[in-house]
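In: How does the following fold in three dimensions:
(chains A and B)
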Amino acid sequence: MKIINVIYNVVATVIVLCFVFTVGLKITDTKAYAVATPSMEDELFEGDMVFVRAAEEYVPGDIVTAKLPSGSTFTHRISSVDSENGLVYTQGDNNPQPDPQPTAFEDIIGKVVFSVPTLGNLSLKFNATNIILVLAGVLVLLTVIRFVLSYIKKPKEEEAI
Amino acid sequence: MKKNIKRSVFSLVLCAMLVFCVGFYSSVEPTTAWFSDTGSQSGSFNMDEIDITFTGEGIVDSQTSDETMIELDFKAATKAEDEENNGEPDPMFEHAAEFYTFTAKNNSTAIAQMRINVTTGSETDIGVRYCVYELDTSTPIPAESVTLLVDGQNDSTALDDVYVDENGERVLKIGESYYDARLKENLNNSEALLLEAGGEKDYCIGIWVEYDNFLENAVSANGVRTLECNATVNISATQIMPESENG
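Out: Sure thing, here's the model as predicted:
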């Protein structure tokens, strides 16, 4: 029983910390993206999750996430900055050629501040809606079972006394 | 009892937090990438899916391939006059640039990027410069009666615009920053030209020669200085991988 409590407390702590971290992302306007391609190896691998925050200035060497004309995004390293025309030139670390067109400053979403390996696989490989529904269902069911068991157990303890 | 209720409520709250976190991280957007066919991403690309057709004069071998020889015959360089030529200014020339138009068509199902590279085969820099731009036939080229427009400064040989003179000849209007942005090294690759899947566009390659190099390499005959060379237009095309869908 003691071990179960310890496990419960550890899991609860992890969940709370994760929740606080996620809320912190929202508060600090930090966005998360899943790396879908190996164009930035060996810095970023397919399946990593990058956390991006807008910066006041972008310099060569920064890894930035920017919007493409199609509306999707890409994450590459800045190779040069054209301040006069408000453009940055980018290239993936693993790509032999620079990106085909420069990116305007206003299309840059932000600079990658840190990344977490493999976390991006959650969105890349699984359907989000299904995950949420299954997880929510399992957790609610476990909680209900636990609640019901506690009621069944209580009268038995009273009888024993 | 109260303790159990509190524990259960707390567990439910934990569940909600966990669902929130999992939901958040499982629904983040993917970031895509630009790729070339020499990169690590798998994919196939056939040059035949891009049709390049050259038009205009001076093409030695016009064919739908990635390499075309061009004979360049410059009788002038990009400068109006040389005041240091024995104190006498050189006359303005009528022909200082060559223009080659081509039509590129992308028959594939993915966007493609093309890069144009012009090489002369010379080991030294003979001053040949080039610029590739998209021909917008919907916007007529102004027909102004000028034969050559140059910038008076030695280091300003930018290709700013193209005019058609009264004889129907295309000439260059020379500016400043355009040159600096386009050509950082001699005979460098052009910026990538994007061609949508199924798309077709007309492009023009403007080729001219730097004045100082022209003086150094031109051959004089019958009072006319001429610089002749063969150039090869190399076109490389790559396919850009489509975006991955977040199922």
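In: Quick one: the helices in chain A, in order.
Out: A:2-27, A:121-125, A:128-160 (DSSP state H).
In: Nearest to B:F24, out of these?
Out: Comparing the helices of chain A by their distance to B:F24 (C-beta to C-beta), the top pick is helix A:2-27, with 5.4 Å. In short, each C-beta sits where N, CA and C put it, glycine included.
In: tell me what that closest one is packed against?
Out: With contacts defined as 3 or more C-beta pairs under 8 Å, 6 or more residues apart in numbering or on different chains; DSSP states H and E, helix A:2-27 has these neighbours: helix B:2-26.
In: what's the angle between the helix it packs on and helix A:2-27?
Out: For the pair helix B:2-26 and helix A:2-27, the angle between their directions (axes from the mean of the first three to the mean of the last three C-alpha atoms, to 10 degrees) equals 50 degrees.
In: Report whether helix B:2-26 contacts chain A.
Out: Yes: judged by C-beta under 8 Å from any C-beta of the partner chain, helix B:2-26 comes into contact with chain A at B:4, B:8, B:10-12, B:14-15, B:17-26.
In: hmm, back to that, single out the most deeply packed of the helices of chain A.
Out: For these, the largest average neighbour count (mean count of other C-beta atoms under 10 Å in any protein chain shown) is found in helix A:121-125, namely a mean of 19.
In: what about the helices of chain A, which gets the closest to A:V59?
Out: Across these, A:V59 has its closest neighbour in helix A:2-27 (23.9 Å, C-beta to C-beta).
In: so what pLDDT did A:V64 get?
Out: According to the model's per-residue confidence, A:V64 sits at a pLDDT of 93.
In: tell me which residues form a beta bridge with it?
Out: Taking DSSP bridges as the rule, A:V64 bridges to A:H76, A:K111.
In: For burial, what's the neighbour tally of it?
Out: Applying other C-beta atoms under 10 Å in any protein chain shown, we find 22 residues neighbouring A:V64.
In: Okay, it and A:Y8: tell me how far apart.
Out: A:V64 sits 42 Å away from A:Y8 when distances are taken as C-beta to C-beta, to the nearest Å.
In: cool, and A:A34?
Out: Note on A:A34: its distance to A:Y8, by C-beta to C-beta, is 31 Å.
In: How about A:F21?
Out: When distances are taken as C-beta to C-beta, A:F21 and A:Y8 turn out to be 20 Å apart.
In: Which secondary structure element of chain B has the lowest mean pLDDT?
Out: helix B:177-182 (a mean of 27; mean pLDDT, DSSP states H and E).
In: Which elements pack onto the next helix or strand after that helix?
Out: Remark: after helix B:177-182, the chain's next helix or strand is strand B:193-195, criterion DSSP states H and E. Strand B:193-195 is packed against strand B:97-106, strand B:112-119, strand B:200-209, with contacts defined by 3+ C-beta pairs under 8 Å, 6+ apart.
In: so how far is stretch A:72-89 off the chain centroid?
Out: How far stretch A:72-89 lies from its chain's middle: 23 Å, per C-alpha atoms, centre = their mean, to the nearest Å.
In: Just the C-alphas of it, formatted as CSV.
Out: Once non-C-alpha atoms are left out, stretch A:72-89 reads as follows in CSV (Å, rounded to 0.1, in the frame of the first residue of the first chain):
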residue,chain,number,x,y,z
SER,A,72,2.6,25.6,-43.0
THR,A,73,5.8,26.2,-41.2
PHE,A,74,9.5,25.2,-41.5
THR,A,75,12.4,25.3,-39.0
HIS,A,76,15.8,26.1,-40.3
ARG,A,77,19.0,27.9,-39.4
ILE,A,78,19.6,31.5,-40.5
SER,A,79,22.6,31.8,-42.7
SER,A,80,22.5,35.5,-43.3
VAL,A,81,20.3,38.5,-42.6
ASP,A,82,19.4,41.3,-45.0
SER,A,83,18.3,44.0,-42.5
GLU,A,84,17.8,46.6,-45.2
ASN,A,85,15.1,44.6,-46.9
GLY,A,86,13.9,42.8,-43.8
LEU,A,87,14.8,39.3,-45.0
VAL,A,88,16.6,36.3,-43.6
TYR,A,89,18.2,33.6,-45.7
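In: Export the helices of chain A as CSV, with columns for mean pLDDT.
Out: Rendered in CSV, the data for the helices of chain A read as follows (pLDDT from 0 to 100):
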stretch, mean pLDDT
helix A:2-27, 88
helix A:121-125, 80
helix A:128-160, 70
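In: Out of those helices, flag the one nearest A:T90.
Out: Within these, the stretch nearest A:T90 is helix A:121-125; the backing value is 21.9 Å (C-beta to C-beta).
In: Thanks again, I'm all set now.
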